[in-house]
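Colleague: Generate coordinates for the sequence data below:
(6 chains)
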Number of protein chains: 6
Amino acid sequence: MLRKTALFIGRFQPFHLGHLSVVKQALKENDFLIIGIGSAEDNYLPDNPFTAGERWEMITSALDQEKIFRDRYTIIPVRNINNYAIWVEHVSKILPCFQKVYTGSPLVKNLFENYGRNEVIEVQFKIPTSATEIRKLMLQGEEWETHVPRVVAQTIRGFKGVERLKIITNFYP
Amino acid sequence: MLRKTALFIGRFQPFHLGHLSVVKQALKENDFLIIGIGSAEDNYLPDNPFTAGERWEMITSALDQEKIFRDRYTIIPVRNINNYAIWVEHVSKILPCFQKVYTGSPLVKNLFENYGRNEVIEVQFKIPTSATEIRKLMLQGEEWETHVPRVVAQTIRGFKGVERLKIITNFYP
Amino acid sequence: MLRKTALFIGRFQPFHLGHLSVVKQALKENDFLIIGIGSAEDNYLPDNPFTAGERWEMITSALDQEKIFRDRYTIIPVRNINNYAIWVEHVSKILPCFQKVYTGSPLVKNLFENYGRNEVIEVQFKIPTSATEIRKLMLQGEEWETHVPRVVAQTIRGFKGVERLKIITNFYP
Amino acid sequence: MLRKTALFIGRFQPFHLGHLSVVKQALKENDFLIIGIGSAEDNYLPDNPFTAGERWEMITSALDQEKIFRDRYTIIPVRNINNYAIWVEHVSKILPCFQKVYTGSPLVKNLFENYGRNEVIEVQFKIPTSATEIRKLMLQGEEWETHVPRVVAQTIRGFKGVERLKIITNFYP
Amino acid sequence: MLRKTALFIGRFQPFHLGHLSVVKQALKENDFLIIGIGSAEDNYLPDNPFTAGERWEMITSALDQEKIFRDRYTIIPVRNINNYAIWVEHVSKILPCFQKVYTGSPLVKNLFENYGRNEVIEVQFKIPTSATEIRKLMLQGEEWETHVPRVVAQTIRGFKGVERLKIITNFYP
Amino acid sequence: MLRKTALFIGRFQPFHLGHLSVVKQALKENDFLIIGIGSAEDNYLPDNPFTAGERWEMITSALDQEKIFRDRYTIIPVRNINNYAIWVEHVSKILPCFQKVYTGSPLVKNLFENYGRNEVIEVQFKIPTSATEIRKLMLQGEEWETHVPRVVAQTIRGFKGVERLKIITNFYP
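Modeller: Here you go, the predicted model:
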C-alpha cells in the first residue's frame, strides 16, 4: 500500500537535532522511511562509541517525543564492509525496497550515484554542529546537550556514555 | 513508554501461517514485538533461498493484510555467526531491549536459557507444516500456497522464488 | 583496443575437456577471455580439493598445449562469499570489464540474469562427465585421465592430487 | 631450557581415553606438549558441540587426575580457517615453537607433511571408539561414559552436554 | 582442585617489567593465572609488531627465569574482534573459568564491569614506562632494554624485532 | 615451457612511471611476470581510492601502449589480510609458482625474506614521486599527470578519480 519509501542512512553517534530535521523532511516528502544505522557492529570506539541497540533507543525515544509514530518508519542496523564498491548492493539486498536516499555524507552520495538506481538527496544539516563536534564537546567537558533532543541526552547519561567516550578515547590516543 | 517488548526470531524461509499465529500471540501478550530475521546475509542457498529484503516484504505485506499496524512491531535483520556460544550477546547488543523471547527452535531456546537474561517461550506451530516442508513441496511441484498467507504466495511468485529454489537445489545436490 | 571481452567462471576442480571446449568457443566469439577461478580460497575440501595456484597451472598448461596464447586470456582467482545476492557486484568490481558471461552453472546464470548487466550464455558441456563425476572416478580408483587434457592429468599426478582427495574425503565422511 | 616440544592437535569433542594415551606417549617422548584445541570458535554444532572453555576443563581435569602436572603441557585454542593450504602457517605463527606433531587425522598429517617443517607422527588410537562414535552413543542413549576419563564424564554431565547434543542434532537434520 | 583463578589480559608488545610485577601480584592473590595475549592474530603492525608465538616465548622465558613455574599459569592467545560490546562473552567462552580480571587498560576494565560477572582489578604499572613508550624508544634508537626482563631483550634481539619495528613504522607513516 | 617467473606486488594507487620501469626491468630479467594487485578488495578509501578492476584497466592500457604483450604477464588481485605473518603463504597459494619477488615496499621485502623461499629484489623507483605523493598532488589540485603513463591519466579522468579522492578524503579527516 505504501507508495514512496526513502532511506536515511547515518551512524547517529549520537542522534542529534540535524538528524531529527532530516527525518521530518523525509517524512514530509515520502510515505515511509527506513532509518539505516550504519557501522552497526562497531562500538566502544572513539568514532563509534555507542552500540546499535543504544542508538535504536536514542532514535525511537526522540521520535516518540515528537509524535512521529512507528508506523511511519523502521530502523535497521547495517554493518560496515570495507569493500565500498559493493556496499550499495549489500545495503540494497538487506533492506526493503526504497526509491530515494537521504544522506549527509558525500561518500554515501557518491556511492549511490555511481552504483545505485535511486534518487539521491544530499541533506545539509541546519545546525552547525555535527556528531563529530558533539563528541569533541563531550570529551572537553563542554555543553553538548543542547545539540541533541532532550530525551537523547537523558538516554546517553543513563548508560554513562560520556564517561565511556573518555575512556576509549584515552585508550586510542 | 512501551512497557513489554518481546523478540520473535526465525529465518522465515518462507514466512508461513504458523509464524503468523506466533506474531498474533506475542502481540496479545506484549506491547511491542521485534521480529528478528535470522541468517539475514544468507540467500540463494537451499535452506536459505530468499534475501533479507524479500523476507521483509513477505512479513510486512502479511501483517498489513491482517491489520497489524507497523507501530506494534519492527523487523530487524540478524546475521548468522558460527560461534553460537556468543550469539545471544551478539543479538542482544544489536537489538533494542526486550524481556521475552518467542521461538520455535530448540537451539535458540537452549542458547537463551543458558546465556540470556530473558524469559523464553517455546512456541508450537499450530499447523503441521514447517518451512522446511514447504520448501520440499515447492521442489516437488506440489501445493504449497495454502500454508502461507495469500499475499506471501503472491510475493514469492513475483520474484520467481520457486524457480530459484529449484535451480539452487540442483546446484548443491 | 580489445573490443569484446567475455567471462568464463568455474571452479575447475579439475579443469576438464568440457571446460576446454568452452574456452575455445568463447575465444571464437570474443576478443579476450577472463577465466575466473571460483571458490579460490577453498582447498583441501572434498568438493574443492585443489588450490587456486594448482588450478592456474592446470589451465595454463592445457591452453599452452592447445596453442592458445596468453595474450588472448587472463586467469583471475575469485573468492567465495556466502551472500550470493551481492556476488555479481563483488565479481564485477574485482575484474576488468566484460560484456558476456559463459557458465555451466544454472546458479551463476540465474544470479547474472537477476543482478548483472551482461549477456549470459549457458554452456552445455559436450562430454557427459562433469568435474563432480571425475572426482568420483578418482575416489573409486577408476579411469579418470581420459576426461581431462593430458597435461592436466600429469599436473595432478605431480602433486599427488588423487591421494589428497582420498584423504580429505575420508576425513569428512 | 625445555628442549623437545611437541604439538598434539585435535578437536576433543569430547576428550576420550584414546586422546589421553596420546598425551602420555607424547610426554614420554618429549619435554613439553602443546595441546591445540582445533575449531576452537565452533560450538553448539552437531560435530562440535562443546565450547573451547568446556574442552579446556575436560582436558585439565583428566590430566590433573592422572597426575600429569601443568608444567609439562599447555592448552591453546586454535580457530578454524577454511583455506587449509595456509593452515599450517596460521597454526605455527600463533603457537610457541615445536618440533614434532602428533595427530590422529590424516588431513592434518598431510598438511604438515606438505607445508610444515616438523616431524609428523600419526597416532593410532588404541581404543576402537572415536569421538564421532562417542557422540553417536550419546545420541542413541547408549553407554558412552566408559570411553572417556571418569572426570570428563562428570564435566559433561555438569553442563548437560548430552541434552545439548540432542537438541542441536535435531536442529540440523 | 584449583580454587581461585584470575585472568590477566594484555597485548604484551613487548612483555615488560610492569607486566611481570602484575603476574607476581596476581599469583600471590590467586591459585592459577590465565595470561591472555590480546590481538593475537595481529602482527607486523606498528602497534602490534610481534606475533603471538613470539610473545609466548617472551613471557615463558621471563617467568622461567623468575622461577615462576608453568603449573601456576597458562598462556592463551585471544584474537581481536571489532564488536567490543560482545568481546567479554567472546573471551569468556574461549577461556577456562576465572573469577578475577587484572588489567592495565581502562577499556578492558569498563567492558568487564559493564558486561562481565567477574571482579575487576585495575593495576597500576609500578614503572613509568608503558609498552607504547618502549616501542618509541626502540624507534628512536634509545635505551629500551632496561625496561624489560633481560631474557625478553635477548628474545627480541634474536628475531631482529627492533629492525622489524622500524621497517613497518616507515611503511605506515 | 616458461622458465623464469617473477612476482611484482604493489597496490598501484595509481600505476605510475616508477611501476612501469619495474615491469620493464622484471621482464628483461625473467620470462613471465605476475603483477599482484595488493589490497584488492579495498577501494573508496583515502589510501586505496581505486577498485581492483580500475587498477587492472590502468595497468593493461599502460602496457598495451608500451607494446608489452599480454603473453608476457598476468595480473592477479590479492586481498589484504591483517595477519601479516601468514601473508606470504596466503599469496603463494593463490598465485602460480614464481622464483623472484620485486617490490618497492620494505615490509613486503621483510616478509618474503623471513617467511618465503624466493629471491627478493628491492626496487628503487627511478622517479622521485611515489603513489602517496601523486595522491597528494591530486588532492591539492596540482599537476599529477606527468607522473603516470598518459593513458593512465585518461583512465583516471574517465571515472572521475580525482573528484572521488577528494570526497573520500574529506569524509575521513
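
Colleague: How far off centre is the strand or helix carrying A:G53?
Modeller: For A:G53, the element it lies in under DSSP states H and E is helix A:52-65. Distance, stretch centre to chain centre, for helix A:52-65: 10 Å (Cα atoms, centre = their mean, to the nearest Å).

Colleague: Check whether it comes near chain B.
Modeller: Yes. Helix A:52-65 is in contact with chain B by Cβ under 8 Å from any Cβ of the partner chain, via A:52-53, A:56-57, A:60, A:64. Quick note: C-beta positions are derived from backbone N, CA and C, even for glycine.

Colleague: Look up the closest residue to the residue in chain A positioned nearest to chain E, ignoring the ones flanking it.
Modeller: Across chain A, the shortest distance to chain E (Cβ to the nearest Cβ) belongs to A:Y44, at 3.6 Å. Of all residues not flanking A:Y44 in the chain, E:Y84 sits nearest, at 3.6 Å (Cβ to Cβ, 6 or more residues apart in numbering or on different chains).

Colleague: quick one: A:K109 from A:I9, how far?
Modeller: 10 Å (Cβ to Cβ, to the nearest Å).

Colleague: can you give me the strands in chain A?
Modeller: For chain A, the strands defined by DSSP state E occupy A:5-10, A:32-37, A:73-77, A:100-103, A:119-122.

Colleague: pLDDT at A:I81, what is it?
Modeller: On the pLDDT scale, A:I81 is placed at 80.

Colleague: actually A:L2, not the one I typed
Modeller: On pLDDT, A:L2 comes in at 55.

Colleague: related to what we said a few turns ago, shouldn't the residue nearest to A:Y44 be in contact with E:L111?
Modeller: Yes. Counting by Cβ atoms under 8 Å, E:L111 is a contact partner of E:Y84 at 6.1 Å.

Colleague: Common neighbours of the two, please.
Modeller: A:Y44 (Cβ atoms under 8 Å, 6 or more residues apart in numbering or on different chains).

Colleague: Spatially nearest residue to A:I37 (excluding sequence neighbours)?
Modeller: A:P77 (4.8 Å).

Colleague: quick one: the one you found and B:I76 touch, right?
Modeller: Yes. With contact defined as Cβ under 8 Å, A:P77 reaches B:I76; the gap is 6.6 Å.

Colleague: and the helix holding A:G53, which residues are buried?
Modeller: Across helix A:52-65, burial judged by 16 or more other Cβ atoms under 10 Å in any protein chain shown covers A:52-63.

Colleague: just to revisit the earlier point, and the pLDDT for the residue nearest to A:I37?
Modeller: Per-residue confidence (pLDDT) for A:P77: 93.

Colleague: same deal with A:S92?
Modeller: On the pLDDT scale, A:S92 is placed at 91.

Colleague: joint contacts of A:P77 and B:I76?
Modeller: Joint contacts of A:P77 and B:I76 (Cβ under 8 Å, 6+ apart) are B:I94.

Colleague: can you list contacts of stretch A:150-165?
Modeller: Stretch A:150-165 has contacts (Cβ under 8 Å, 6+ apart) with A:14-16, A:44, A:46, A:49-50, A:54, A:57-58, A:61-62, A:64-65, A:135, A:138-139, A:144-145, A:148, E:110.

Colleague: quick one, what contacts the residue in chain A that chain D sits nearest to?
Modeller: Closest to chain D within chain A is A:E41: 16.5 Å, counting by Cβ to the nearest Cβ. Neighbouring residues of A:E41 by Cβ under 8 Å, 6+ apart: A:52, A:77, A:79-80, B:94, E:82-83.

Colleague: how about 7 Å then?
Modeller: A:79, E:82-83 (Cβ atoms under 7 Å, 6 or more residues apart in numbering or on different chains).

Colleague: Same list (those) but as CSV, adding neighbour count.
Modeller: Shown next, in CSV, are these (neighbours: other Cβ atoms under 10 Å in any protein chain shown):
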residue, neighbour count
A:R79, 20
E:N82, 14
E:N83, 22
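
Colleague: Show me the shaky parts of chain A.
Modeller: For chain A, applying pLDDT under 70 flags the ranges A:1-2, A:126-128, A:171-173.

Colleague: ok, now with 80
Modeller: Where chain A drops to pLDDT under 80, the residues are A:1-2, A:82, A:124-129, A:170-173.

Colleague: Up against chain C, what does it have?
Modeller: Selection of chain A residues close to chain C by Cβ under 7 Å from any Cβ of the partner chain yields A:85-86, A:89-90, A:93.

Colleague: If you rank those residues by neighbours, which is first?
Modeller: Sorting those by how many neighbours each has (other Cβ atoms under 10 Å in any protein chain shown) puts A:I86 first, at 25 neighbours.

Colleague: which residue packs closest to it, ignoring adjacent ones?
Modeller: C:E89 (4.3 Å).

Colleague: Which residue is it, in chain A, that comes closest to chain F?
Modeller: A:Y84 (3.6 Å).

Colleague: Would you check that that residue makes contact with F:P46?
Modeller: No. Look at A:Y84 against F:P46 with Cβ atoms under 7 Å: they stay out of range, at 11.7 Å.

Colleague: Regarding A:R70, what are the backbone dihedral angles?
Modeller: Main-chain dihedrals, A:R70, degrees, to the nearest 10: phi -70, psi -10.

Colleague: what's the neighbour count on the closest residue to it other than its chain neighbours?
Modeller: Distances taken as Cβ to Cβ, 6+ apart put B:D71 closest to A:R70, at 3.9 Å, once the chain neighbours are dropped. Using other Cβ under 10 Å, B:D71 has 13 neighbouring residues.

Colleague: how about B:D71, what does it touch?
Modeller: By Cβ under 7 Å, 6+ apart, the contact list for B:D71 reads A:69-71.

Colleague: try A:E113
Modeller: So A:E113 contacts A:V120 (Cβ under 7 Å, 6+ apart).

Colleague: try A:F125
Modeller: Contacts of A:F125 (Cβ under 7 Å, 6+ apart): A:18, A:104.

Colleague: can you pull out the helices in chain A?
Modeller: A:17-29, A:52-65, A:87-94, A:106-115, A:131-139, A:150-158, A:161-171 (DSSP state H).

Colleague: in the fourth one, what counts as buried?
Modeller: In other words, helix A:106-115. A:107-112, A:115.

Colleague: Repeat that for the first one.
Modeller: Applying a neighbour-count criterion of 16+ other Cβ under 10 Å, the buried positions in helix A:17-29 are A:17-20, A:22-23, A:25-27.
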